[in-house]
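*Asks:* got a structure for you, letters missing:
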């Protein structure tokens, strides 16, 4: 039985990590660390966690592996410290807020020879896994372009107490990293293509949103020439937008959460039977059932990887590549210029 510890007992830990760990027969939530006494009390009362710590360093000694769910600016220092104790880490996205931090996390995992996984959770959605299967089958042919939209009413919509999302010092970014990193990672996952060039624009549309952007559009050129657009927003009210369109030489793949057909392809040939719907296991999206949010995540894969059964599907290097795209987008928006990847080493990197 793998003893897992969670550092940071906020909404993402409670909604995603706790139920996934509880449902895995080979792991247990053994300990929780948080600087908030109220959060620790909730871990004890609602989740029956008997080992709670205000200092995560004391928790690390008691567990086999650690899930890092703290604000973004703490991802790197805590992860590197835990790795230095020889403990595997599953860290929330974005893995860091600078390239140097991400690179140092990867180096620390290699030095310790333990698993470092980034929870780019959308890779584990049955809908997107099926979409990748369709693309990999070759039925669509070469990918020519991708359009993705992902947005909602902002962090206050689902986690009103998490005000750190709106502080650049703590979060690093607004929806660029909160939502955009999901989508650039998903595009890389679905197509197997890396981003070569990035251009982007950001805006701040609503008052009271701190000092980070609340809207962003990324235009990327993928290896081979295909263009990808990623639109992310914290100002979409009354609904959640979540669509991906893949345009290819033999047809179009629509990934859509709403219109009855959640995954379908419209093919150029044959004309008489050009539209194909694909079966996707339900639930195929995060859903609210029986008083609990159900999210998809890489937690099961992390547990299996730590136990030596499978390969980690989102190792640190993969998380770093997606972080690099987001950092390039932030740089492009600031300089109003196209940014070429890979990014140069930072000072001190």
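*Replies:* Ah, there it is. All values derive from a computational prediction rather than experimental measurement.

*Asks:* any idea of the mean pLDDT in stretch 256-266?
*Replies:* Mean pLDDT, stretch 256-266: 74.

*Asks:* identify the residues contacting the closest residue to residue 300 other than its chain neighbours.
*Replies:* Spatially, and ignoring its direct neighbours in sequence, residue 300 is nearest to residue 24 (5.9 Å; Cβ to Cβ, 6 or more residues apart in numbering). No exception for glycine: its C-beta is placed from N, CA and C like everyone else's. For residue 24, the contact set (Cβ atoms under 8 Å, 6 or more residues apart in numbering) comprises 299, 300, 303.

*Asks:* in which helix or strand does the second one reside?
*Replies:* If you go by DSSP states H and E, residue 300 is part of helix 299-306.

*Asks:* now that helix: buried residues?
*Replies:* Applying a neighbour-count criterion of 16 or more other Cβ atoms under 10 Å, one finds 299, 300, 301, 302, 303, 304, 305, 306 buried in helix 299-306.

*Asks:* tell me the spacing between the third one and residue 229.
*Replies:* Okay, so that is residue 301. 29 Å (Cβ to Cβ, to the nearest Å).

*Asks:* switch the contacts of residue 24 over to a markdown table; also include distance to residue 316.
*Replies:* A markdown table is the format used below for the contacts of residue 24 (distance: Cβ to Cβ, whole Å):
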| residue | distance to residue 316 |
| --- | --- |
| 299 | 16 |
| 300 | 18 |
| 303 | 17 |
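
*Asks:* dump those residues into JSON lines; add pLDDT as well.
*Replies:* Shown next, in JSON lines, are the contacts of residue 24 (pLDDT from 0 to 100):
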{"residue": "299", "pLDDT": "95"}
{"residue": "300", "pLDDT": "95"}
{"residue": "303", "pLDDT": "98"}
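
*Asks:* point out where this protein drops to low pLDDT.
*Replies:* The model of the chain has pLDDT under 70 over residues 257-261, 270-274, 282-295, 346-349.

*Asks:* show me where it has helices.
*Replies:* Secondary structure of the chain, counting by DSSP state H: helices at 11-12, 18-23, 37-47, 56-60, 75-84, 99-112, 126-137, 155-158, 168-171, 175-178, 180-191, 299-306, 316-335.

*Asks:* for the residue minimising distance to the centre of the chain, which non-adjacent residue is closest in space?
*Replies:* For the chain, residue 120 is the residue whose C-alpha lies nearest the centre (Cα atoms, centre = their mean; 3.1 Å). Among residues not flanking residue 120 along the chain, residue 185 sits closest, at 4.5 Å (Cβ to Cβ, 6+ apart).

*Asks:* that neighbour contacts residue 322, correct?
*Replies:* Yes. Contact criterion Cβ atoms under 8 Å: residue 185 and residue 322 qualify, at 3.9 Å.

*Asks:* looking at these two, which one has more neighbours?
*Replies:* Set residue 185 next to residue 322 and count neighbours by other Cβ atoms under 10 Å: residue 322 wins out with 28 against 25.

*Asks:* which residues touch the closest residue to residue 194 other than its chain neighbours?
*Replies:* Closest residue to residue 194 apart from its sequence neighbours, by Cβ to Cβ, 6+ apart: residue 223 at 5.1 Å. When contacts are counted by Cβ under 8 Å, 6+ apart, residue 223 touches 193, 194, 195, 196.

*Asks:* got phi/psi on residue 223?
*Replies:* Residue 223 adopts backbone torsions of phi -60, psi 130, taken as degrees, to the nearest 10.

*Asks:* can you list the domain ranges for the protein.
*Replies:* What the record gives for the chain is the domain set 2-122+297-315, 125-284+325-334, from automatic domain parsing.

*Asks:* where's residue 192 relative to residue 35, distance?
*Replies:* For residue 192 relative to residue 35 (Cβ to Cβ), the value is 41 Å.

*Asks:* check residue 233 too.
*Replies:* 31 Å.

*Asks:* give me the residues contacting stretch 319-326.
*Replies:* 91, 93-96, 99, 102-103, 105-106, 117-118, 120, 173, 176-177, 180-181, 184-185, 188, 194-195, 198, 218, 220, 341-343.

*Asks:* spatially, what comes nearest to residue 186 if we skip its sequence neighbours?
*Replies:* residue 122 (5.0 Å).

*Asks:* got a quick ChimeraX command for the buried subset of the contacts of stretch 319-326?
*Replies:* Selecting only the buried entries of the contacts of stretch 319-326 in ChimeraX, with 16+ other Cβ under 10 Å as the criterion:
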select :91,93,94,95,96,99,102,103,105,106,117,118,120,173,176,177,180,181,184,185,188,194,195,198,218,220,341,343
